[in-house]
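# need coordinates for the below:
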Amino acid sequence: MRSAQKNAEMIIDRTQEDLNSLFKEYISFLATISENAIIQEALQETFFLDNEQYHQKIESGRELLNIFKYRKDLYGIAVLGENGQNIIDSQKPLRSHDYRKTYWYREALQRAFSPNYLPPHMGSYLFDDDTENFITITTPVEDATSTARLGIVVLELREQVVKDLLGNRLGDFGYLFVQYSRSGFTSSDERIPDSNYLVRLANMREIEEKLLNQNKELVLIRDLELSGVKLAAVISLEELTRESKQLGMVLLILISGTILVATITASVLSKNIARPVQELSAVMRQVETGDLSARIENLPSDEFGALGISFNQMVTRIQRLLVEMHEEEVKLRKSELRALQAQVNPHFLYNTLDSINWLAREKRNEDVLKLVSALTTLFRIGISKGHDFISMQEELDHVKSYLTIQKVRFADSFTYEFDIDPKVLAIPVIKLILQPVVENALYHGIKRSGGKGNIQIRARKIHDKMIIEISDNGKGMTATRLLEVKAELSGSVEKKESTVYGLKNVHDRIQIYYGEAYGLTIHSEEDEGTVVMYKIPIREDV
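Have a look, this model is predicted:
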C-alpha cells in the first residue's frame, strides 16, 4: 500500500509539473500581450475606418499575436476592446454577435483577479466552431496610467490538449482528472467521477482514502497554477492488490525455477569447467558496473580461451566506440550552441530596432513595415518550430530578409543578386547556413573595400549534389590569410578564439550532418573579392 501510494504520488507530481508548465506559458503569453504599449494604444482610441495611423497600430498588434499562432496547442488568441476593436491571430472570422454583450466577456472584464479561466465548454467563444470542447483563459488589458480596463486578451485551447497531457499514466490502476472550481472537469479517459464526489473534492487536501461506489480507492489531490483548479488521481486499491499478488506468484515461480536450474547445473558441471565460467562471470559483472578496464587474464587454450579473447576484444571496441561517440556528441553540441548564438546577434538586433525607430520618426512607414516584416521572417525561419532541417526556399527567404534589413541600414551601399535553379528550392538543408557567410562577405569583404559592393548567391543541382556559391567583390584576402582561413576550417590549426567563427560554424555543421566529404571551399584574391562554395548531398529522407 505504501509503495503504491509513493508511485502514485510520483506520477501525479510529474503530471502537476507538466500542467503547471503549460499554464505558466499561457499566463506569460497573456501578460506579454496585455502589457504591450501598442495593444493598449489601439484599445484607448476611438475606432475610425479611414485612420491610417490607427490601422498601422492594429497591424502591429496583429504581428505580435502572429508570433504565437505557430503553437499547435493554441486554437486562437484575440484582443477584444471596449471600443469595439478586435485583433485576432488568424484569418478565421470572429462570431458575428457583439462580444461586449456576452456574459463571459463581461465576467472576464470585471473579475477582481487575473488571469481568469472558463472551464471546458462546447464550441469556441471566438470563432464559428462548435465541433469540440474548448478551455478559455482571459486577462484584462489595463491602462498603464489610470488602471481603467480597456478590454481583455482571450486565449483558447482545445480541451484535448489537457487530455493528452493527462494521458494513461496510471494504466489499469486508475485515472487522472482536472477539476475546475465552479463546474466541469477533464478526465484522462472515459471514466466519469461521481457528481457527489466532485462536490466533496473541493474540500479535500493532499491525500485521502475514500470508499466510492463500493470500491476502495486512494485519492491524491494537487493544486494547479490556475486559481481554484485541482488535479486528482484516483487509484483502485483492489487492482493494486491483485497485481501485487500476481507479481508475487510470478516471482516465486521464477525464483524456484532459478534455484532448480542452478542446482542441476552445479551438479553436472565439473570443477575445470566451473572455474573459467566463474572468472568470466566476475569480469562481466565488473563491466556491467561500468569498469571497462576489466579483462580476462590467464586464458586457457580451449573454447573458454577463445570466448575470453572475443570478450576482451568486444570490451575494447566498446571502450573505443564510447570515446568516439562522446567526442562526436561534444562536437555536435558545441556546433549547435554556436548555431543558436548565431541566430540572434544582439548588436544586429539592436541596430535593426534603432533603424526602425529612426525610420518611424522620419515617418517612412513603408520602410518601417519592410524592416518589421523582414525581421519577423528572420526570426520565424530561425526558430522553424525546433526543426534542424528546412527547405532551400525557406533558407533563401531567411537570407533575403537579412539582406533587406542590412540594405536599409547601410543606405544602399551594396547590391545583391540571386541566381537559383528552381530544382533546388524543395531540397531540405540544415537551417541557417547562408546568413553567416553572407554576413562575413558584407562585413569583412564589402565594408572593408570602401566602395559600393555586390553580393551574388547562386545554387545549382548537379547529379546527386547541390552546389551553392556566395561571392562578393570586396576586399578579398591575401594568399597568407587565405591559407590561415583554410587551415582553421580543416581543423589542422585550432585557436581558442576563431577568427572565422561564422564560416567554421557552417562548415562543421555540414560535415557533422553529411560527412567529411562535404562542406565549404574558399577562393579569394586581394582587392578582387571572395567566393565561398558549398557542396551538399541531396537527401529526401531528412
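# the stretch 201-350 of the chain: strands as residue ranges?
207-212, 215-223, 230-236 (DSSP state E, counting those that start in this stretch).
# tell me the contacts of the closest residue to Leu489 other than its chain neighbours?
Distances taken as CB to CB, 6 or more residues apart in numbering put His507 closest to Leu489, at 5.0 Å, once the chain neighbours are dropped. In short, each C-beta sits where N, CA and C put it, glycine included. By CB atoms under 8 Å, 6 or more residues apart in numbering, the contact set of His507 is Leu489, Gly519, Leu520.
# tell me how far His507 lies from Gly445.
His507 is 18 Å from Gly445, where distance means CB to CB, to the nearest Å.
# same check, this time on Lys24
For Lys24, the distance to Gly445 equals 46 Å [CB to CB].
# the helix or strand that contains Val141 packs against which elements?
Per DSSP states H and E, Val141 falls inside strand 133-142. Helices and strands touching strand 133-142, by 3 or more CB pairs under 8 Å, 6 or more residues apart in numbering; DSSP states H and E, are helix 2-34, helix 37-44, strand 74-81, helix 103-110, strand 116-122, strand 149-158, helix 159-166.
# per-domain residue ranges of this structure.
When the chain is parsed with automatic domain parsing, its domains come out as 35-162, 241-330, 344-537.
# which residues are in contact with the closest residue to Pro115 other than its chain neighbours?
Leaving aside its sequence neighbours, Pro115 sits nearest to Thr139 (CB to CB, 6+ apart; 4.3 Å). Going by CB under 8 Å, 6+ apart, Thr139 touches Ile27, Leu30, Ala31, Ser34, Ser114, Pro115, Asn116, Ile152, Val153.
# burial count for the third one?
The reference is to Ala31. By other CB atoms under 10 Å, 14 other residues sit near Ala31.
# what's the spacing between it and Val141?
Ala31 is 11 Å from Val141, by CB to CB.
# how about the strands in the stretch 401-542 of the chain?
So, for the stretch 401-542 of the chain - with DSSP E, counting those that start in this stretch - the strands run 414-420, 428-430, 453-462, 465-472, 519-525, 529-537.
# looking at those, which is closest to Asp98?
Closest of the strands of the stretch 401-542 of the chain to Asp98 is strand 428-430, at 47.4 Å (criterion: CB to CB).
# got the helices and strands packed on strand 133-142 as CSV, with mean pLDDT columns?
Converted to CSV, the helices and strands packed on strand 133-142 look like this (pLDDT from 0 to 100):
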stretch, mean pLDDT
helix 2-34, 82
helix 37-44, 82
strand 74-81, 86
helix 103-110, 87
strand 116-122, 84
strand 149-158, 89
helix 159-166, 86
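# which one of the ones you listed lies nearest to Leu371?
Per CB to CB, nearest to Leu371 of the helices and strands packed on strand 133-142: helix 37-44, 15.7 Å.
# which helices and strands sit right next to that closest one?
Packing contacts for helix 37-44, counted by 3+ CB pairs under 8 Å, 6+ apart, involve helix 52-66, strand 74-81, strand 133-142, strand 149-158.
# and the second one with helix 159-166, angle?
Note on geometry: by axes from the mean of the first three to the mean of the last three CA atoms, to 10 degrees, strand 74-81 and helix 159-166 are set 130 degrees apart in direction.
# I'd like the helices and strands packed on strand 133-142 as JSON lines, with distance to Phe389 appended.
JSON lines is the format used below for the helices and strands packed on strand 133-142 (distance: least, CB to CB, whole Å):
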{"stretch": "helix 2-34", "distance to Phe389": "26"}
{"stretch": "helix 37-44", "distance to Phe389": "35"}
{"stretch": "strand 74-81", "distance to Phe389": "24"}
{"stretch": "helix 103-110", "distance to Phe389": "42"}
{"stretch": "strand 116-122", "distance to Phe389": "37"}
{"stretch": "strand 149-158", "distance to Phe389": "28"}
{"stretch": "helix 159-166", "distance to Phe389": "26"}
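# who wins for proximity to Leu322 among these?
helix 2-34 (30.4 Å).
# so which bits of stretch 164-175 are buried?
Buried residues in stretch 164-175, counted by 16 or more other CB atoms under 10 Å: Leu165, Leu166, Arg169, Leu170, Phe173, Gly174, Tyr175.
# format the CA atom coordinates belonging to stretch 349-359 as CSV.
Written as CSV, here are the backbone C-alpha positions of stretch 349-359 (Å, rounded to 0.1, in the frame of the first residue of the first chain):
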residue,chain,number,x,y,z
LEU,A,349,19.1,43.2,-33.4
TYR,A,350,19.8,46.5,-31.5
ASN,A,351,20.9,48.2,-34.7
THR,A,352,17.8,47.0,-36.6
LEU,A,353,15.4,48.2,-33.9
ASP,A,354,17.3,51.5,-33.8
SER,A,355,16.9,51.8,-37.6
ILE,A,356,13.1,51.1,-37.2
ASN,A,357,12.9,53.8,-34.5
TRP,A,358,14.7,56.3,-36.7
LEU,A,359,12.6,55.5,-39.8
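# okay, now the unreliable bits of the stretch 101-250 of the chain?
112-114, 181-183, 189-216, 238-250 (pLDDT under 70).
# try 80 this time
Scanning the stretch 101-250 of the chain for pLDDT under 80 picks out 111-114, 147, 168-174, 179-220, 225-228, 234-250.
# I'd say Leu19 and Val178 touch.
Yes. Leu19 lies in contact with Val178 (CB atoms under 8 Å); the separation is 7.3 Å.
# neighbours around Ala294, how many?
18.
# do Gln16 as well
Under the neighbour criterion other CB under 10 Å, Gln16 is assigned a count of 19.
# who's more crowded, Leu19 and Val178?
Val178 (25 against 21).
# can you pull the contacts of the more buried one?
Leu19, Val162, Leu166, Phe185, Thr186, Leu224, Val229, Lys230, Leu231, Ala232.
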